[in-house]
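Undergrad: Prediction below, plus the sequence it came from.
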Amino acid sequence: MELSEYVQSGLQTLADSGCFSPRAYTVLLQTAFQSLLSAQADYVALDHPDLKHIDPTVLKHCHAAAATSILEAGKHKADKSTISTYLEDCKFDRERIEQFCTEYQKNKDTLEIILGSIGRCPLHITDVSWRLEYQIKTNQLHKTYRPAYLVTLNVEKSDSRSHPDVSFSCTMEQLQDLVGKLKDAAKSLERASQM
């Protein structure tokens, strides 16, 4: 598992028993798992009495670091030894590592199901359609007299789940900006493929 320095520093703070008591560590760890696994996650859990003494910025940083490491472990289907080694590098003591691994094993199947349902690759755009719309009035009956483009990106439906086409409205300047960025991306890709 490779995690950013920001995530590593959050994990090192979480490992510090001077900052997180054993009870605070347990609460934060369970909150991180629940925020990932439950659609109705209670984000007020960070207001738990055992976490009140911790600076909110530090608390959110450590929560994000814990959630990121949980997702990465699930993504790589990491085993206990891999997770233990990584947490040891982040200065976790044996007890906290054991607690993290136990919580991970308990929620591993659900986590993998959720990660698997997200999909493995972004949608593939197959076609673009557009039309010019001329807006005369707004909802508040103000006269605007401005053109807008309605753009629909048709996406490939390669798996059994159907994906709705992506539609949006934009001004001429926004559309020109989008086209410019797409041209830059195409040039970068062409340069990279020639190397």
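TA: Now that the structure is in, tell me what you want to look at. Numbering: from 1, shown residues only.

Undergrad: Going by C-alpha atoms from here, please, whenever you check contacts or count neighbours.
TA: Fine.

Undergrad: and Arg146, what are its phi and psi?
TA: When read as degrees, to the nearest 10, the backbone of Arg146 gives phi -140, psi 140.

Undergrad: scratch that, His48
TA: When quoted as degrees, to the nearest 10, the phi and psi of His48 stand at phi -60, psi 140.

Undergrad: residues near it, how many?
TA: 12 (other Cα atoms under 10 Å).

Undergrad: ok, now Phe92?
TA: By other Cα under 10 Å, 22 other residues sit near Phe92.

Undergrad: Could you confirm it falls within a strand?
TA: No. The assignment for Phe92 (DSSP: H, G, I helix; E, B strand; the rest coil) gives coil, which keeps it out of a strand.

Undergrad: In space, what's closest to it - neighbours in sequence excluded?
TA: Once flanking residues are discounted, Phe92 sits nearest to Ala15: 4.8 Å by Cα to Cα, 6 or more residues apart in numbering.

Undergrad: Hmm, that neighbour is touching Arg96, no?
TA: Yes. Counting by Cα atoms under 8 Å, Ala15 touches Arg96, with 7.5 Å between them.

Undergrad: Provide the backbone phi and psi angles at the residue most central in space within the chain.
TA: Taking Cα atoms, centre = their mean, the centroid of the chain lies closest to Thr68, which sits 8.3 Å from it. Backbone torsions of Thr68, given as degrees, to the nearest 10, read phi -60, psi -40.

Undergrad: mind listing what it touches?
TA: Each residue near Thr68 by Cα atoms under 8 Å, 6 or more residues apart in numbering is listed here: Val7.

Undergrad: Can you tell me, leaving aside adjacent residues, what's nearest to Tyr145?
TA: Ile136 (4.5 Å).

Undergrad: low-scoring stretches of the chain, by residue?
TA: Applying pLDDT under 70 to the chain picks out residues 39-45, 119-122, 138-140, 157-163.

Undergrad: Next one: the residue lying farthest from the centre of the chain from Met172, what distance?
TA: Here the centre of the chain is the reference, and by Cα atoms, centre = their mean the most remote residue is Lys143, at 40.5 Å. The gap separating Lys143 from Met172 is 19 Å, by Cα to Cα, to the nearest Å.

Undergrad: For Glu2, pull up the helix or strand it's in.
TA: If you go by DSSP states H and E, Glu2 is not part of any helix or strand.

Undergrad: What does it show for phi and psi?
TA: Backbone torsions of Glu2, given as degrees, to the nearest 10, read phi -120, psi 120.

Undergrad: could you list every residue that touches it?
TA: Glu2 sits next to no residue when contact means Cα under 8 Å, 6+ apart.
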